[in-house]
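In: Next input, structure requested:
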Amino acid sequence: MSKLKVIPDNKIVSGPAYLVVEDVPTPIAVPFGIFPNKPDRKSGILIPAYGEAQRLGFYLRNGGYYFAISDHVDLKLRGDIYSKGSWGLKTTSTYKKRYHYSGTFDINYARNRTGNKEDLDFKETRDFMIRWDHAQDPKARPYGKFSAKVDAGTKTFLENNSYNSQDYLKNSLNSAITYSWKKKKYSFTTNLRHDQNLQTRKIDFSLPEAAFGVDRFFPFRKKERAGKLKLYEEIGLSYNFNAKNRLSVYDST
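Out: Down below sits the predicted model:
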C-alpha cells in the first residue's frame, strides 16, 4: 500500500494496493481498501464456495450470513443452490454461558433433484437433519443435570448432502435427552431416546423413560440413639420406581 490510515477500534483505509506473495508482486490490485478494525465480534456475509457436482450440476455452496447476536450466542444462516434445481438451507447456532452450559444446534433441509424430469431415472428427495449437543457445567447446579445429544433425520440426507465420508457410511442415528436429579437420599432420572436404523428404516422411541428411587433408610430408629439397637430398629427400607413407554415405527409413517 502506498497510503494508509488507521482509525483505532474502527477501520483501516488505504489507497491503491497490490498483492505481494513472498516478496514477489502479483498483478492483483485494488484502487482502494476499507477494512474493519474493531475488537468485538461483528455480523457479516459468508462467501459461498463454487464448483460442480456430477449429479447436481454447478453450485454455490455454504453462502449466507453470520449473525453475532451476543457474547453468548451466534447464528449462521447458509444455503446451497445447484444448476439442476437442487437447493438447501442450513441453520447453525452456537451458544455458551460460562459455568452454566454450552452447545450447538443445527437444522438442515434439502431438496435434491437428480436427472431431468423427462428421464425415467429422474429422482427428487426432500431431506432434513436435526443435530443438538448440549452440555451443562458441573458447577451450574449441584443437584440437577441436563444433557442432550440429538442426531435425527431422513435416511437419504447423509447420502445426498454430507461431504464427510464417516457420515456417508453411517448405519444408524441415535439421540438421548437426559435430566437427572439427586438430593440427600432421593434421586430421579428421565430420558427421551431415539434409535434409527438407516438400513431397515425402523425407528425406536423411548418416550419417556423415568426412574425414581429412595436410598435405604430405617423408619423405626430414633434420631438420638441410646443403647443397643432393637430388632425392629434394624429393619431398613428402600424404594425404586421405573417406567418406560416405547414406540417402534418406520420412517415412512
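
In: Show residues contacting stretch 138-150.
Out: 99-101, 103, 130-136, 174-183, 194 (C-beta atoms under 8 Å, 6 or more residues apart in numbering). C-betas here are computed from N, CA, C, even on glycine.

In: same thing but at 10 Å, please
Out: By C-beta atoms under 10 Å, 6 or more residues apart in numbering, the surrounding residues in contact with stretch 138-150 are 97-101, 103, 105-106, 130-137, 173-184, 186-189, 192, 194.

In: Buried ones from those, can you make that a ChimeraX selection?
Out: The ChimeraX command for the buried members of the contacts of stretch 138-150 (criterion: 16 or more other C-beta atoms under 10 Å) is given here:
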select :101,103,105,106,130,131,132,134,136,173,175,176,177,179,187,189,192,194
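
In: burial count for residue 94?
Out: Using other C-beta atoms under 10 Å, residue 94 has 15 neighbouring residues.

In: what residues are up against it?
Out: Contacts for residue 94 were tallied using C-beta under 10 Å, 6+ apart; they are 72, 73, 74, 75, 76, 102, 103, 104, 105, 106, 133.

In: And these, which two are furthest apart?
Out: 72 and 106 (17.9 Å; C-beta to C-beta).

In: Take the contacts of residue 94 and keep only those in strands.
Out: Counting by DSSP state E, those place 73, 74, 75, 76, 102, 103, 104, 105, 106, 133 in strands.

In: ok, so of those, who is nearest residue 66?
Out: For the ones in strands among the contacts of residue 94, the nearest to residue 66 is residue 76 (5.4 Å; C-beta to C-beta).

In: In stretch 59-67, which residues are buried?
Out: Buried residues in stretch 59-67, counted by 16+ other C-beta under 10 Å: 59, 60, 61, 63, 64, 66.

In: sec struct for the residue of the chain most remote from its centre, please.
Out: For the chain, the residue at maximal distance from the C-alpha centroid (C-alpha atoms, centre = their mean) is residue 227, at 60.0 Å. On the three-state scheme (DSSP: H, G, I helix; E, B strand; the rest coil), residue 227 is labelled coil.

In: how far away is it from residue 233?
Out: Using C-beta to C-beta, to the nearest Å, residue 227 is found at 10 Å from residue 233.

In: follow-up on the earlier one: now the contacts of residue 94 in TSV, with pLDDT?
Out: Output for those, formatted as TSV (pLDDT from 0 to 100):
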residue	pLDDT
72	93
73	95
74	95
75	96
76	96
102	95
103	96
104	97
105	96
106	95
133	96
